[in-house]
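Asks: Below are the sequence and a predicted model for it; my questions follow.
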Amino acid sequence: MLTKPAARIAAINRAAACNPALGTQLTAHVLADCPPPPNAIIAGFWPLAGEIDIRPLLHALAATHTITLPQTPPRGHPLIFRQWHPGDTLLPGRFKTQHPQGKILTPDFILIPLLAYDSEGNRLGYGGGYYDRTLAAHPNAYRLGCAFAAQATETLPTEPHDIKLQAIATEQGIHRFSRVGQHLAQSARR
């Protein structure tokens with residue numbers, strides 16, 4: 001199995017061959033097959049170079065939901081989610097990110113960028129641990145990864161702090177991870 005740094009390099013190379021505009025197809029799949037619940041506060045993200053463009057999804061959801069975008073704090077802290085409306089000015093943030101100035105909100109439904117994902121619901125991020133800390137801080141939020149189908153891989157190296165996705169949205173559709181749902185249901189019964 002590849003190490004996380006080697007897996008990141010391989011994933012970046014696979015994503016580089018993909019067209020970010022495939023985000024319009026991802027949008028259609030999310031709206032049809034995995035729509036956020038009514039009144040959910042959604043945490044989106046402004047795509048970086050090489051990521052699938054989920055801005056069409058953010059604009060579509062903004063008509064019926066409250067949308068937030070992450071502000072990246074200093075290392076060691078979870079992301080901060082600030083309310084966003086289409087047309088809001090975005091401020092530059094850490095690691096080439098952008099965020100709005102809106103009020104801080106707690107999300108119920110988190111759209112998650114990633115470099116790679118596997119069939120068990122594991123995700124590989126950029127290595128800063130921001131989403132791992134964020135997901136741990138919001139254990140009841142729905143976790144939907146957003147990626148190109150080409151970012152799928154057989155298996156990923158994982159660590160105890162890694163939190164699995166409940167589903168992944170790509171230009172090809174929605175894939176739900178049943179073992180994750182079963183684990184969550186069992187945890188809720190305890």
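Replies: Yep, it's here. Numbering: from 1, shown residues only.

Asks: Next one: the residue nearest to residue 118 when sequence neighbours are not counted relative to residue 31, how far apart?
Replies: Spatially, and ignoring its direct neighbours in sequence, residue 118 is nearest to residue 156 (4.7 Å; C-beta to C-beta, 6 or more residues apart in numbering). Bear in mind the C-beta positions are built from the backbone N, C-alpha and C, glycine included. Computed as C-beta to C-beta, to the nearest Å, the residue 156 to residue 31 distance reads 28 Å.

Asks: who's more crowded, the two?
Replies: residue 156 (22 against 14; other C-beta atoms under 10 Å).

Asks: Residue 121 is in contact with the more buried one, correct?
Replies: No. Taking C-beta atoms under 8 Å as the definition, residue 156 is not a contact partner of residue 121, at 9.9 Å.

Asks: average pLDDT for stretch 169-183?
Replies: The pLDDT scores in stretch 169-183 average 78.

Asks: cool, and stretch 37-52?
Replies: pLDDT averaged over stretch 37-52 gives 93.

Asks: any idea which element residue 81 lies in?
Replies: Using DSSP states H and E, the element containing residue 81 is strand 80-84.

Asks: again with residue 175
Replies: strand 173-176.

Asks: Show me what that strand packs onto, helices and strands only.
Replies: Applying 3 or more C-beta pairs under 8 Å, 6 or more residues apart in numbering; DSSP states H and E, one finds that strand 173-176 contacts helix 23-33, strand 167-170.

Asks: Not counting sequence-adjacent ones, nearest residue to residue 107?
Replies: Nearest to residue 107 is residue 43, by C-beta to C-beta, 6+ apart, at 3.6 Å.

Asks: need the contact list for the one you found.
Replies: 68-70, 79, 81, 107, 109-111, 141 (C-beta atoms under 8 Å, 6 or more residues apart in numbering).

Asks: I'd like these as a markdown table, with neighbour count, distance to residue 161 and pLDDT appended.
Replies: Formatted as a markdown table, those follow (neighbours: other C-beta atoms under 10 Å; distance: C-beta to C-beta, whole Å; pLDDT from 0 to 100):
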| residue | neighbour count | distance to residue 161 | pLDDT |
| --- | --- | --- | --- |
| 68 | 26 | 23 | 98 |
| 69 | 25 | 24 | 97 |
| 70 | 26 | 19 | 96 |
| 79 | 24 | 15 | 95 |
| 81 | 27 | 20 | 97 |
| 107 | 22 | 20 | 97 |
| 109 | 20 | 22 | 98 |
| 110 | 26 | 17 | 98 |
| 111 | 24 | 21 | 98 |
| 141 | 19 | 17 | 96 |
